[in-house]
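Asker: Take this sequence and fold it.
(chains A and B)
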Amino acid sequence: MAKLILVAFALSVSAPLVAAQPAKASPADFQTALWASSCMACHGPEGRAEGTAMSIGGRPAEELSGLMLEFKAGKRPATIMHQHAKGYSDDELKRIAQYFSQLK
Amino acid sequence: MTLSRRTLIQAAGAAMVASPFASHAQSGQSVVIIGGGFGGATAARYLKRFNPALKVTLIEPNADFIMCPMSNRVIHGGMALRDITRPYDRFVTKHDLRWIRSSADEIDPEKREVRAGKDKVPYDRLIVAPGVDYNYDGIAGMGSAQAQALIPHAWKAGEQTQRLKELLYTMPQGGVIAMHIPKVPYRCPPGPYERASLIAYYLQARNPKAKLLVFDSNPEIQAKKGLFEAVWKNKYAGLLEYVPNAEVEGVDAATRTIDLKVQGKQKVDVLNLIPPQRAGAVARRAGLANVGDRWCGVDFLSYESTRHKGIHVLGDSIAGAPGMPKSGHMANQEAKVCAGAIAALSVGQPVPEMPIIANTCYSFISQSEVIHVAAVYRYDAEKKTMVAAPGAGGLSSAPSVTEGLFAMSWANNIMNDTLG
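Answerer: Purely as a prediction, here's the structure:
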């Protein structure tokens, strides 16, 4: 039961975030949506990329934040993502990963 | 539809939206955008995403958007114009935009109205994204339309691109082609050097005894310097000659002779002159170009003009923060910050206070190999400007085909993000 409530709570929190609308999201969540919109230039609208760039929309948050933190730490080879990852705090990367994980 | 009827319907719409939440109306339910490039089209798309209740009008005379990125590939034959062209009609329908197919002639900041042809378009907030205009004032012999037709700049993608391609393809064997690069700031800092590399790539196979002269007004290569130098030395030695500090005095268009202040006159077979640039005319006429009488000052939290409240400026027309290039990618990024600020204000929320945007810029140096430069810019609240994040960003270590694949992916995805 507790687990169910937790799931329901998570869903209710996540819904406005995905909506990416200041009318429905908290200022912090809308700020995250704006950061994430920057990524969509290369990774496509809703994080759906065509071609070689990774399609990040709807991937698990842990996977995305894990990749970004590894790029940032220089532990994963990349052409360009290590240079982008270093421009964000760990917390910012996790918030952006969470946002993309919720895009369908 | 007549203007009065359209205005009436608009007013009725505004009243319906405004009535349940009176506070929403005051901060701009009607947003008008001048220019459907990377800045303007992205702003339109994201305004509707962030607040679908906003009424967004796009003023854009062209039926299609032809993007500048990849247009250097069209010149050497690596792509066709159709590959970098997207129509506006599907875009405006999909996102419920009102489209006025006309040039914006005049902005009246007092009346909050744009004159576009015979239309008068009222706005609560205005976004001005006209791109750059070319300024031949300081170049003798280039003032006439006739001279400008003979000497293409090919710095706006489309007919000019095709024209330069034709001149390159029909140049006599063993001929001389020259490019001239203006002083910074200009649109797309690495663009001229990418073009030089791709023209050299073309000559190598198709006209190997020909020569490319690159006359640069600047004292050195302005972007990806070490990478371009290595490419020119390793791949194109003997084909390409780079001449720094080569400011132009005048041009004799009929004989394709360029007169350089220090280096003197040079007659060539094909001349590509990229002129100095400034904010689009409609922005300058409205007094928005308040930085050096050339570029538009903005507040980097919202891209609102520092000259007129309620008017925002995006893309190549702005006076960027130090190190921020004029590029399609940056215009796309600025547009999202601007759209976010306008959408937040429209529902009585504060303007988001921590913009973070990024630049990703790929340059082809041959048919398949690519180099990049990247940067992340964060808002500095004390300095009130964007600052490159320390330790982030950087260059390719060397040209690669892998980055060629990422560059093509980038081109498709930013087109989808801007006009999808």
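
Asker: Do you know the pLDDT at A:K104?
Answerer: Note on A:K104: pLDDT of 82.

Asker: For burial, what's the neighbour tally of it?
Answerer: When neighbours are counted by other C-beta atoms under 10 Å in any protein chain shown, A:K104 registers 7. C-betas here are computed from N, CA, C, even on glycine.

Asker: pretty sure B:N245 is touching B:K183, no?
Answerer: No. Using C-beta atoms under 8 Å, B:N245 is not in contact with B:K183, being 10.4 Å away.

Asker: list the residues that contact both of those two?
Answerer: B:217-218 (C-beta atoms under 8 Å, 6 or more residues apart in numbering or on different chains).

Asker: if I pick the residue most central in space within chain A, what's in contact with it?
Answerer: Geometric centre of chain A, nearest residue: A:A97, 2.5 Å, by C-alpha atoms, centre = their mean. By C-beta under 8 Å, 6+ apart, the residues touching A:A97 are A:61-62, A:64-65, A:68.

Asker: One more: B:D299?
Answerer: Contacts of B:D299 (C-beta under 8 Å, 6+ apart): B:306, B:384.

Asker: give me that answer again for 7 Å
Answerer: B:T306 (C-beta atoms under 7 Å, 6 or more residues apart in numbering or on different chains).

Asker: now swap in A:E46 and tell me
Answerer: By C-beta under 7 Å, 6+ apart, the contact set of A:E46 is A:57, A:103.

Asker: one step back: where does the residue nearest to the centre of chain A land in three-state SS?
Answerer: helix (DSSP: H, G, I helix; E, B strand; the rest coil).

Asker: how near is it to chain B?
Answerer: In this view, A:A97 and chain B are 15 Å apart by C-beta to the nearest C-beta, to the nearest Å.

Asker: re earlier: can you select the buried ones among the contacts of A:A97 for me in ChimeraX?
Answerer: Here is the ChimeraX command that selects the buried residues among the contacts of A:A97 (16 or more other C-beta atoms under 10 Å in any protein chain shown):
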select /A:61,64,65,68
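
Asker: So which of the contacts of A:A97 is the closest to B:L150?
Answerer: The shortest approach to B:L150 among the contacts of A:A97 belongs to A:M68, at 51.2 Å (C-beta to C-beta).

Asker: Could you tell me whether the closest one really is in a strand?
Answerer: No. Per three-state DSSP, A:M68 lies outside any strand segment and is helix.

Asker: Could I get the contacting residues of it?
Answerer: A:M68 neighbours (C-beta under 7 Å, 6+ apart): A:85, A:93, A:97.

Asker: Can you add pLDDT and distance to B:D83 and give these back as JSON lines?
Answerer: Formatted as JSON lines, those follow (pLDDT from 0 to 100; distance: C-beta to C-beta, whole Å):
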{"residue": "A:A85", "pLDDT": "98", "distance to B:D83": "31"}
{"residue": "A:L93", "pLDDT": "98", "distance to B:D83": "34"}
{"residue": "A:A97", "pLDDT": "98", "distance to B:D83": "33"}
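
Asker: Let me have the residues you listed in TSV, extended by distance to B:V351.
Answerer: Below are the contacts of A:M68 laid out as TSV (distance: C-beta to C-beta, whole Å):
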residue	distance to B:V351
A:A85	27
A:L93	23
A:A97	25
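
Asker: Doesn't A:G51 belong to a strand?
Answerer: No. In this structure, A:G51 is coil, not part of a strand, as judged by three-state DSSP.

Asker: ok, now which ones touch it?
Answerer: A:G51 touches B:405, B:408-409, B:412, counting by C-beta under 7 Å, 6+ apart.

Asker: Most neighbours among the residues you listed, which one?
Answerer: B:M408 (22 neighbours).

Asker: where's that one relative to B:A147, distance?
Answerer: 36 Å (C-beta to C-beta, to the nearest Å).

Asker: May I have the residues that are in contact with the closest residue to chain B within chain A?
Answerer: As assessed by C-beta to the nearest C-beta, chain B sits closest to A:G87 within chain A, at 2.5 Å. Taking C-beta under 7 Å, 6+ apart, we find A:G87 in contact with B:358, B:376, B:378, B:389, B:392-393.

Asker: Kind regards, and thank you for your time.
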